[in-house]
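Asker: Need the 3D shape of this:
(one chain, ligands or ions: 3)
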Amino acid sequence: MRQSDEMQFAVRTAKAAGRILLEGFDKGVPVEHKGVIDLVTEFDRRADHYILGRIQKTFPGHRILAEESGSTGDGDSPLWLIDPLDGTTNFAHGIPIFSVSIALWEDRRMRLGVVYDPTRRECFWAERGKGAYLGERRLRVSETAELRDSLLVTGFPYDAWSNPDNNLENYARFAMCTQGVRRLGSAALDLAYLAAGRFDGYWELRLGQWDVAAGGLIAEEAGARVTAMDGESPYLSETPSLIAANPILHAKMTAVIKGTAK
Ligand code: IPD
Ligand code: CA
Ligand code: CA
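Answerer: Numbers count the residues shown, from 1 in each chain. Ligands and ions are numbered 1, 2, ... in the order given. Next comes the predicted model:
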């Protein structure tokens, strides 16, 4: 599949940012706290700064929303959504599960997205209407139709200690009716793995737009139904919460989350 110029740019930039992250990985980098359990490192900032610079140079009129540097630009020009390091807690603990996520929103929809895992050198990408890929290989979500045959993945919000709506109840419910529920620690990779059929379903509460912009499109282009927690509404909001799976499993997951499953 031929990639558009913007897609090629996003892939090149994500890979280069991934190389920056690898310079710091496993070297015991100092950790700062954005919240009690919300961490950030110099390498989150370095990768953020690099991606921002590349976009500003190549697409000077475009807007940017990046996790570590906030919003730049105004109007309704195309918007780049950046998570320079998704999986900072893993990164800070020397666990090789993290990614770079870059997406482009244009004409009121996500146009393209890339999720790059620098430790495995896996590059997941999608352009709207053209399918989802891991490198050259076309991706398709699993056809698993029963929760008892499924492997799910989720995550927990950074306010889990203080907010009772912390996903533990959903976690307990799914743990009792599936083959297992993983917590990888990178929402972008969770969605990319769902697209690749490695996981059968994913849900999570109160993420950032940069966490799900690329992975959400990759999952959709691989055939996933991706919605908000009511099982119907669009998932992209200020703090997206989402359920993602093939349409049959999506309906069953929604029923478990709503407490209406038989
Ligand atoms: C986090 C990861 C994690 C998810 C958190 C995110 P960060 O992103 O995606 O899997 O559970 O809610 O905030 O902070 O590592 O970029
Ligand atoms: Ca993130
Ligand atoms: Ca991040």
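Asker: you'd agree A126 is in a strand?
Answerer: Yes: assessed by DSSP: H, G, I helix; E, B strand; the rest coil, A126 belongs to a strand.
Asker: What is the burial count for it?
Answerer: 30 (other CB atoms under 10 Å). C-betas here are computed from N, CA, C, even on glycine.
Asker: now it, which residues is it bridged with?
Answerer: On the basis of DSSP bridges, A126 is bridged to G113, A132.
Asker: Could you do T154 as well?
Answerer: W203.
Asker: List the contacts of the closest residue to ligand 3 within the stretch 101-250 of the chain.
Answerer: Ligand 3 sits closest to W210 of the stretch 101-250 of the chain, with a gap of 7.1 Å, by CB to the ion. Listed by CB atoms under 8 Å, 6 or more residues apart in numbering, the contact set of W210 reads 65-67, 81-83, 86, 101, 103.
Asker: can you do 10 Å?
Answerer: 65-68, 80-84, 86, 101-103, 187-188 (CB atoms under 10 Å, 6 or more residues apart in numbering).
Asker: Run through the residues you listed and flag the ones next to ligand 2.
Answerer: Contacts with ligand 2 are made by 83, 86 out of the contacts of W210, judged by CB under 5 Å from the ion.
Asker: which regions of the chain sit below the pLDDT cut-off?
Answerer: Residues of the chain meeting the criterion pLDDT under 70: none.
Asker: show me where it has helices.
Answerer: 5-24, 42-58, 88-92, 168-175, 187-195, 209-221, 247-258 (DSSP state H).
Asker: out of those helices, deepest packed?
Answerer: Neighbour counts (mean count of other CB atoms under 10 Å) averaged over each of the helices of the chain peak at helix 187-195, with a mean of 30.
Asker: So for V31, which of the helices of the chain sits nearest?
Answerer: helix 88-92 (4.7 Å; CB to CB).
Asker: The closest one close to ligand 1?
Answerer: Yes: Helix 88-92 reaches ligand 1 (CB under 6 Å from any ligand atom) through 88-89.
Asker: can you list contacts of that helix?
Answerer: Under CB under 10 Å, 6+ apart, the answer for helix 88-92 is 21, 24-26, 28-32, 34, 37-41, 43-44, 67, 85, 95-99, 119, 158, 184-186, 189.
Asker: Which ones, among the residues you listed, also lie beside ligand 3?
Answerer: 67, 85.
Asker: Strands - which of the contacts of helix 88-92 land there?
Answerer: 31-32, 39-41, 85, 99 (DSSP state E).
Asker: Quick check: closest non-adjacent residue to D149.
Answerer: Q179 (6.9 Å; CB to CB, 6 or more residues apart in numbering).
Asker: Quick check: that neighbour touching G201?
Answerer: No: here Q179 does not reach G201: they are 11.0 Å apart, not a contact under CB atoms under 10 Å.
Asker: out of those two, which sits in the busier spot?
Answerer: G201 (27 against 12).
Asker: Let me see the contact set for the more buried one.
Answerer: With CB under 10 Å, 6+ apart, G201 has these contacts: 141-142, 144, 147, 150-154, 174, 178, 181, 194, 224, 243-246, 249-250, 252-253, 256.
Asker: So which of the helices of the chain is nearest L134?
Answerer: Using CB to CB, the nearest of those to L134 is helix 187-195, at 7.8 Å.
Asker: and the angle for the closest one with helix 209-221?
Answerer: Calculated by axes from the mean of the first three to the mean of the last three CA atoms, to 10 degrees, helix 187-195 forms an angle of 10 degrees with helix 209-221.
Asker: re earlier: what residues are shared contacts of Q179 and G201?
Answerer: Contacts common to Q179 and G201, judged by CB under 10 Å, 6+ apart, are 144, 147, 150-152.
Asker: Same list, these, but as TSV with distance to ligand 1 and neighbour count please.
Answerer: Formatted as TSV, those follow (distance: CB to the nearest ligand atom, whole Å; neighbours: other CB atoms under 10 Å):
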residue	distance to ligand 1	neighbour count
T144	22	20
L147	21	22
S150	19	23
L151	16	16
L152	14	26
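Asker: In the stretch 1-150 of the chain, what residue comes closest to ligand 1?
Answerer: Ligand 1 sits closest to T88 of the stretch 1-150 of the chain, with a gap of 3.9 Å, by CB to the nearest ligand atom.
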